[in-house]
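Enquirer: got a predicted structure plus its sequence, pasted below:
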Amino acid sequence: MSVNFASSRAEYAIDFGTANLRVIHRDDGVIFDEPSLCCLADGEWGPALVAAGLPASEMSERTPSGLRVRRPLKRGVLQDIGSATQLLRYAVPKVRRRHLFGTQRVIIGLPADATQAERRAMLTAAHDAGLNPLDLIPEPLAAAIGAGLAVREPKATMLVECGAGTTEVAVLSLGGICQTRALRGGGDELDQAIIDHLHFHHKLLVGRRSAERIKRALETAPASENGKCSLIEVKGRSLVSGLPTSLRIPSAEIAGVAGKHAQHIVDLVREVLGATTPELSDDIHTHGIFLTGGGAALPAIRAMIEAQTGLGVTLTDTPDQCVARGLLQILRGEQIN
């Protein structure tokens, strides 16, 4: 799988992630960045859009009956074309207020292993939203470009893209993808694992927003010293009393939950390494593995890949922005390494 890096006729790029929707303009960079969420009301003629993006995020897990907040994508797969179209229509007027133009010519990032049905679904949603999609770009390739990696040279680059809905492992060389595997489950799966752990071990019910905050706290928690570790405050509803409550839980306990999640990623890395040719393997041994994506900052991922493969692992700068930066470079037709 390869991409033509010639200067694109597109003016815009869309990074439609499970967690966030980003719209990138060729001259101005990222001009829209909001959660991939829609709040819908049950209407006589079908679901009606009440809110999207940031406003819908504030409504999440707080809606009365008749309203529901949902993500168009689940595990990196477009589950609801209608919701995706609504979300894109929400973004397009905001973009139009800044840029006066007709039909938007766009390129769209998509998982490298997307099926033909998934690709058609994304194209349909884009068309229905009034966009003119010109090309679909594999997200691992865009992430590698955005990280400044040498994807066009005749040597291997191995990248792990840790998204909210999908974790992708790819080996790239000569501007294309030589090997790729995907785990349909990313940061969202860890959020659910944290929710389940607190439910079963502490009889505490928390929502996804709280689980996300706990996960982010773990990313910045200091390392344990002399057997002591930091505490993470967790707020939720007690399943014993039924009342709101808070607990202080050792970060090492949550790190254990994260470790089980990270092991799935390590297994995927080992699978890709086992399918890679000896010449590409030699390059990977020399240059190591690069982490991108919003979930890449989790310490367990880097530590466990290094421990179980013996390879160096590098966390890229602002890993959650790599795909957007790569799409911007493709839009501008900039020199790709």
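Expert: Cool, got the structure.
Enquirer: tell me the SS of the closest residue to A91 other than its chain neighbours?
Expert: In space, and not counting its chain neighbours, A91 is closest to F32: 5.1 Å by Cβ to Cβ, 6 or more residues apart in numbering. Placement of C-beta: from N, CA and C, glycine included. State at F32, reduced to three classes by DSSP: H, G, I helix; E, B strand; the rest coil: strand.
Enquirer: in which helix or strand would I find F200?
Expert: helix 187-202 (DSSP states H and E).
Enquirer: what residues does that helix touch?
Expert: 18-19, 75, 162-165, 204-208, 211-212, 214-215, 234, 236, 239, 247, 249, 253-254, 257-258, 260-261, 294-295, 298 (Cβ atoms under 8 Å, 6 or more residues apart in numbering).
Enquirer: restricted to strands, list these.
Expert: Counting by DSSP state E, the contacts of helix 187-202 place 162, 204-205, 234, 236, 247, 249 in strands.
Enquirer: filter those down to the buried ones.
Expert: 162, 204, 234, 236, 247, 249 (16 or more other Cβ atoms under 10 Å).
Enquirer: dump the residues you listed into JSON lines; add pLDDT and distance to L88 as well.
Expert: Below are these laid out as JSON lines (pLDDT from 0 to 100; distance: Cβ to Cβ, whole Å):
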{"residue": "C162", "pLDDT": "96", "distance to L88": "25"}
{"residue": "L204", "pLDDT": "97", "distance to L88": "37"}
{"residue": "V234", "pLDDT": "95", "distance to L88": "35"}
{"residue": "G236", "pLDDT": "96", "distance to L88": "34"}
{"residue": "L247", "pLDDT": "94", "distance to L88": "40"}
{"residue": "I249", "pLDDT": "94", "distance to L88": "39"}
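Enquirer: among those, which pair sits farthest apart?
Expert: C162 and L247 (27.6 Å; Cβ to Cβ).
Enquirer: tell me the domain ranges of the protein?
Expert: Residue ranges for the domains of the chain, per automatic domain parsing: 12-147+320-332, 161-185+258-319, 187-253.
Enquirer: distance to K155 added to those domains, as a markdown table?
Expert: Shown next, in a markdown table, are these (distance: least, Cβ to Cβ, whole Å):
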| stretch | distance to K155 |
| --- | --- |
| domain 12-147+320-332 | 12 |
| domain 161-185+258-319 | 5 |
| domain 187-253 | 30 |
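Enquirer: what about the closest residue to A48 other than its chain neighbours, neighbour count?
Expert: Excluding the flanking residues, the one nearest A48 by Cβ to Cβ, 6+ apart is A41, at 4.9 Å. Close neighbours of A41, defined as other Cβ atoms under 10 Å, add up to 13.
Enquirer: who's in contact with the residue nearest the centre of the chain?
Expert: Nearest residue to the geometric centre of the chain (Cα atoms, centre = their mean): G163, 2.6 Å. Residues near G163 by Cβ under 8 Å, 6+ apart: 17-19, 76, 139, 186-187, 293-295.
Enquirer: can you rerun that using 10 Å?
Expert: For G163, the contact set (Cβ atoms under 10 Å, 6 or more residues apart in numbering) comprises 17-20, 73, 75-76, 111, 139, 143, 182-183, 185-188, 292-296, 320, 323.
Enquirer: again, but for T18
Expert: Taking Cβ under 10 Å, 6+ apart, one finds 36, 71-78, 163-166, 186-188, 294 in contact with T18.
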